[in-house]
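>>> sequence and predicted structure below; questions after.
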Amino acid sequence: MGWPSDLEGRLLAWIEDNHAATRSGDRARTAQVAEEFDNIIRSVLAQRRSSSTPSVTDQLLRVHVDGRPLSDAEIVSVLRNWTGGDLGSIALCVGVLVHHLASRPELQSRLRKGVPDAELDLVVDEVLRIDDPFVSNRRVTTAAVELGELGLPAGARVKLHWTSGNRDEGVFGDPDAFDPAGHAGDNLVYGIGRHACPGRLLATLELRIAVRALLAGTTEIRLDPDRPAEREVAPVGGWARVPVLLH
Ligand code: HEM
């Protein structure tokens, strides 16, 4: 992205604030935290405009869409998506993966014996399907649509509940049944259709590296019996804290 590395502390602090604001349900606070992220991005843009080393951020500053350069508001919005997706979602996914592995020694020993990347990626996706921390997205219908037996007018507000969809008994039978290859085709962790996650390959790679590093550095991962894991509070999914003992 060409962003300065000393921004990391500020970005990490922002994730904490953002989760706290989302949990509070206080819209004014959420808006304030969103504004803070936009300010961080604007400070990066000011630096990029005076820098000569090329980066993805610079390409975005130069790109023309429909014959015109993007406005600052559009650039900030795109950069917010590119970075916010990575900052929050990976951390939430790692929490779910660590909790799942710590609760299932048999899965740990299977993975410790060594599995090819493709198989590990399917396992990671299946764990995230069962306990999808990326709860929902919103849409506004641009035309009248029929959804199952439901007729929706144009302009309707729709919430896509990924966590619920990923546990649909009509599709998966027992939603907790662990079948990485069998469930892959119906897995909605990265969304579906036109707006499906473009960060999926990067996220898959990051999560694979995280799981492999965790397994390689330990012989056993257990939940800490003295400190129970704490669930995140809706609308954030996954876990707020997963204390584990690493051997
Ligand atoms: C860590 C796991 C991740 C999960 C579970 C995840 C999940 C999703 C989901 C469900 C959507 C669909 C949103 C919708 O339909 O409205 C989405 C969209 C998106 N994701 Fe991810 N994501 C992850 C990581 C990432 C990463 C690493 C990036 C970028 C570096 C990223 C960037 C985006 C962007 C830009 C969109 C919007 C696409 C659009 O609206 O066309 N995501 N993601």
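Looks like it arrived, so ask away.

>>> hey, let's count contacts and neighbours off CA atoms from now on
Noted.

>>> now the nearest residue to residue 88 once chain neighbours are set aside: how far from residue 83?
In this structure, residue 88 finds its nearest non-sequential neighbour in residue 15, 6.5 Å apart by C-alpha to C-alpha, 6 or more residues apart in numbering. According to C-alpha to C-alpha, to the nearest Å, residue 15 and residue 83 sit 11 Å apart.

>>> neighbours of the residue nearest to residue 88, just the number please.
Neighbour count for residue 15, taken as other C-alpha atoms under 10 Å: 17.

>>> what helix or strand is it on?
For residue 15, the element it lies in under DSSP states H and E is helix 8-24.

>>> tell me the residues of the chain that contact the ligand?
81-83, 85-86, 89-90, 93, 134, 137, 189-191, 195-200, 202-203 (C-alpha under 6 Å from any ligand atom).

>>> try 5 Å
Applying C-alpha under 5 Å from any ligand atom, one finds that the chain approaches the ligand through 81-82, 85-86, 89-90, 137, 190-191, 195-197, 199, 203.

>>> and these as TSV, adding pLDDT, secondary structure and neighbour count?
Converted to TSV, these look like this (pLDDT from 0 to 100; DSSP: H, G, I helix; E, B strand; the rest coil; neighbours: other C-alpha atoms under 10 Å):
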residue	pLDDT	secondary structure	neighbour count
81	81	helix	12
82	81	helix	14
85	65	helix	15
86	68	helix	15
89	84	helix	16
90	88	helix	19
137	90	strand	11
190	96	coil	19
191	95	coil	17
195	89	helix	8
196	93	coil	12
197	91	coil	14
199	88	coil	15
203	94	helix	18
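
>>> what's near enough to touch the spatially most central residue of the chain?
Geometric centre of the chain, nearest residue: residue 89, 2.5 Å, by C-alpha atoms, centre = their mean. Contacts for residue 89 (C-alpha atoms under 8 Å, 6 or more residues apart in numbering) come out as 133-134.

>>> where along the chain do the strands fall?
64-65, 68-69, 136-140, 145-147, 150-152, 157-161, 221-223, 230-231, 239-241, 244-246 (DSSP state E).

>>> quick one: low-confidence ranges for this structure?
Screening the chain residue by residue with the criterion pLDDT under 70, one finds the ranges 51-52, 85-87.

>>> what's in contact with the helix holding residue 15?
29-30, 33-34, 37, 87-88, 233-236.

>>> buried ones among the residues you listed?
29-30, 33-34, 37, 88, 236 (16 or more other C-alpha atoms under 10 Å).

>>> so how far is residue 240 from residue 230?
Taken as C-alpha to C-alpha, the span from residue 230 to residue 240 is 5 Å.

>>> between those two, tell me which one has more neighbours.
More neighbours surround residue 240 than the other of residue 230 and residue 240, with 17 against 12 (other C-alpha under 10 Å).

>>> do you know how far that one is from residue 118?
From residue 240 to residue 118 the distance is 29 Å (C-alpha to C-alpha).

>>> same question, residue 208
From residue 208 to residue 118 the distance is 10 Å (C-alpha to C-alpha).
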